[in-house]
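K.L.:
coords below, sequence missing:
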């Protein structure tokens, strides 16, 4: 394993679920490891003043269709979650507890699958506790651990660090300093991993001189 | 030509330029015509209360990289525009004047190319007038025509109608009632045109029962 792909995720995102099911095969092809980084998507939106897709009704409609098409093409289950949007903090905090990498991968996988394949409610502590026990954390009181200030801080710090790095959505795949966003970006992530990134090397010099000549007047949504 | 693809565009979008260069070959493969529909992207954002990518600095950074990668892969020129964001209304109004379909396709192509390949300023009336004259509108005073209330109304109506249909970004490709968004959606647009849309037929029934269990508190950007 010569490189690591940091995979920023929130269980609230079906696009993150789709990408999660595909990232391991892609990483393996290029001898990379995958490090899941649970972050609060709502925190990313808040930091950048954005709306989430669930907050723009026609975008919700488009996105569900788009993601269902991807799921069918990839032969991945995608079923309605128990509710949506939902509060993912418990699931994010449990996923961020100290544990070995293999256990975390299994836990993240099981929480994603519970949400987007099995229609289970990962805001329900009993559901999360059972999934954790089945994912290699039997014998630990993950609910008590997740309620500790340290566990809450960890998700907050992961989210703040992601914002600092320029992560604005999930899933984001980070390799070195480079950020790829969404399953649609996988072809370019793959080219990057293969050492065939098509991005022109001098593009920043060329584009840095572009200046705005119009500022949109933003008024509150009517 | 048994079907029409309505292609919603604003010259402000380099993603729309990329898609525009590819839509005609795809449409031709499935015996479809392409009808360009100039709309004000800022109007779409305003209607849905969204920020544009240019208003979210880390998204600008990601999107330029992503679009440059696509341009290189597709062997399309993508050069810095004269300014960005810029006010596209003049170019949109001239593109929406009455003219035959072949002239409009040439004009849209030339205005896109001027903006994203040739570094020309399409907010400059003289530039737009010259491009119009070279695109089949020689002999018409397109600047005077575009200043008429009817020309302003036409872009406003196209934008309002797009919003009503659920268009939230550009490029959007409409086939019948189905909306595809962005160049990344082309594989699914193609499957749809080929009669192999993977979208499950009963998905709306299955997903209509999903309800929110958490509402994000939105506060102004700090």
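P.N.:
Arrived safely. Because the structure is a prediction, the values reported are computed rather than measured.

K.L.:
buried residues in stretch A:51-58?
P.N.:
Residues A:51, A:52, A:53, A:54, A:55, A:56, A:58 are the ones in stretch A:51-58 that count as buried (16 or more other C-beta atoms under 10 Å in any protein chain shown). For the C-beta atoms, the positions are set from N, CA and C on the backbone; glycine is no exception.

K.L.:
Contacts for that stretch next, please.
P.N.:
A:41-42, A:45, A:59-60, A:63, A:84-85, B:48-51, B:166-168, B:179, B:212, B:216, B:218 (C-beta atoms under 8 Å, 6 or more residues apart in numbering or on different chains).

K.L.:
If any of these are buried, give me the ChimeraX selection for them.
P.N.:
Buried members of the contacts of stretch A:51-58, defined by 16+ other C-beta under 10 Å, are picked up in ChimeraX with:
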select /A:41,42,45,59,60,63,84,85 /B:48,50,51,166,167,168,179,216
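
K.L.:
Quick check: the two most widely separated of the buried residues of stretch A:51-58?
P.N.:
Pairwise distances across the buried residues of stretch A:51-58 (C-beta to C-beta) peak at 13.6 Å, for the pair A:52 and A:58.

K.L.:
is stretch A:68-85 anywhere near chain B?
P.N.:
Yes: Stretch A:68-85 comes into contact with chain B (C-beta under 8 Å from any C-beta of the partner chain), by way of A:68, A:69, A:72, A:73, A:79, A:80, A:81, A:82, A:83, A:84, A:85.

K.L.:
and that stretch, average pLDDT?
P.N.:
Average pLDDT, stretch A:68-85: 96.

K.L.:
mind showing which ranges of chain A have poor pLDDT?
P.N.:
Residues of chain A meeting the criterion pLDDT under 70: A:1-2, A:218-222.

K.L.:
Could I get the full set of helices for it?
P.N.:
Under the criterion DSSP state H, chain A contains helices at A:14-29, A:41-48, A:57-74, A:89-95, A:101-116, A:125-132, A:142-147, A:149-165, A:186-193, A:203-207.

K.L.:
can you redo the ones you listed as CSV with distance to residue B:13?
P.N.:
As requested, the helices of chain A are arranged in CSV below (distance: least, C-beta to C-beta, whole Å):
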stretch, distance to residue B:13
helix A:14-29, 21
helix A:41-48, 19
helix A:57-74, 16
helix A:89-95, 34
helix A:101-116, 31
helix A:125-132, 42
helix A:142-147, 43
helix A:149-165, 26
helix A:186-193, 19
helix A:203-207, 16
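
K.L.:
Among those, show me which one is buried the most.
P.N.:
Stretch with highest mean neighbour count among the helices of chain A: helix A:89-95 (a mean of 26; mean count of other C-beta atoms under 10 Å in any protein chain shown).

K.L.:
and the gap between the closest residue to residue A:9 other than its chain neighbours and residue A:35?
P.N.:
Leaving aside its chain neighbours, residue A:9 sits nearest to residue A:16 (4.6 Å; criterion: C-beta to C-beta, 6 or more residues apart in numbering or on different chains). Distance, residue A:16 to residue A:35, using C-beta to C-beta, to the nearest Å: 14 Å.

K.L.:
list the contacts for the closest residue to residue A:20 other than its chain neighbours?
P.N.:
Distances taken as C-beta to C-beta, 6+ apart place residue A:112 nearest to residue A:20, at 5.5 Å, with adjacent residues excluded. Residue A:112 makes contact with A:9, A:11, A:16, A:17, A:20, according to C-beta under 8 Å, 6+ apart.
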